[in-house]
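Participant: kindly generate the corresponding structure for this input.
(one chain, ligands or ions: 1)
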Amino acid sequence: MKIGVFDSGLGGLAITQAIIRRLPQYDYLYLGDTKRVPYGGRSQETIHEFTSQALTYLFKNDCQLIILACNTASAEALRKSQQEYLPHNYPDRRVLGMIIPTAEAVFESRSPGRVGVLATPSTVESQAYVRELRRQCITVEVAQVPAPLLVPLLENEGWKYLGAVLDDYLTVLLESEIDAVVLGCTHYCLLKKLVRDRVSIPVISQDEVIPEKLANYLLRHPEIEDRLSRYGTREFCVTDITAGSVRLAAELANEVVDLKRVVLQ
Ligand code: DGL
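Facilitator: Here you go, the predicted model:
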């Protein structure tokens, strides 16, 4: 059985490639909902509905374990998926999110007193990062800035505007005198260099966190790991393909990616 990775769009490809580099032996199925990206301004009900459809697709296509690489889906739909969807539909499979491992990583090599989180509006509104960061350290202060423009610019090749937009968001975040910044959206892995060029505090980027966390999870859960097949296959599915998405996928994955269009129900 495979490892599935789900993101609202193509941003999750950067994380998927980082996971594949760390754990190349397994079989991977990526699903990006490019037809409906961005999720970041949608309601919790809609995000849950879309996420359930994606989980169904990936489970039906033989995934044992799914990484919800989309922070917005992790924030708004993970808990309900684990508590309701899985027990009713696929009790022996697993879904893992991004927020807990990212919050853990913030405190692994340092103890920031005030953490800044850059994320989509839905993720910010859910307060999921505030909850999980406080679970790690009860006294931590958290400043969040919603960044509604970054994903649309990234998904639509608006590269040249990114620097200016990012400057605006970072200025607001830095006013809170933060000691570390979390890039709380899969897509922002692509911005880590731009962010690191602009701030002198630690920047937590999920492509540098999630692969090791997953390797660790698999070590701790042999009952899941034993079910994973090891043929080194990779499939990349999306719900819409345009010339732009083909270019962007190649940019994100650092190689030409063979995208296959699928329909979610
Ligand atoms: N890439 C997703 C995330 O990590 C969501 C972006 C979006 O669809 O708005 O939050």
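Participant: so what's the residue count around the closest residue to residue 67 other than its chain neighbours?
Facilitator: Excluding its sequence neighbours, the residue lying closest to residue 67 (Cβ to Cβ, 6 or more residues apart in numbering) is residue 5, at 4.8 Å. (Glycine included, C-beta is placed from N, CA and C.) Applying other Cβ atoms under 10 Å, we find 28 other residues in the vicinity of residue 5.
Participant: and the one 3 residues further on, by the same measure?
Facilitator: Here the neighbour count serves as a burial measure; for residue 8 (other Cβ under 10 Å) it reads 30.
Participant: going forward, begin numbering at 27 instead of 1
Facilitator: Sure, I'll start counting at 27 from here, so that last one is residue 34.
Participant: might one say that it is in contact with residue 61?
Facilitator: No - Residue 34 is beyond contact range of residue 61, at 10.1 Å (criterion: Cβ atoms under 8 Å).
Participant: the residue nearest to residue 93 should be in a strand, yeah?
Facilitator: Yes - counting by DSSP: H, G, I helix; E, B strand; the rest coil, residue 31 is found in a strand.
Participant: quick check: it touching residue 40?
Facilitator: No - Residue 31 lies out of contact with residue 40 (Cβ under 8 Å); the separation is 10.8 Å.
Participant: hang on, residue 102 is in a helix, isn't it?
Facilitator: Yes - judged by three-state DSSP, residue 102 forms part of a helix.
Participant: around the ligand, pick out the residues from the stretch 27-176 of the chain.
Facilitator: Contact residues (Cβ under 6 Å from any ligand atom) of the stretch 27-176 of the chain with the ligand: 33-35, 37, 63-66, 96-98, 146, 149.
Participant: in helices, which of these fall?
Facilitator: The helices, defined by DSSP state H, take in 97-98, 149 from these.
Participant: in a markdown table, list those residues along with distance to residue 243, pLDDT and neighbour count.
Facilitator: Output for those, formatted as a markdown table (distance: Cβ to Cβ, whole Å; pLDDT from 0 to 100; neighbours: other Cβ atoms under 10 Å):
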| residue | distance to residue 243 | pLDDT | neighbour count |
| --- | --- | --- | --- |
| 97 | 18 | 96 | 34 |
| 98 | 21 | 94 | 33 |
| 149 | 22 | 95 | 29 |
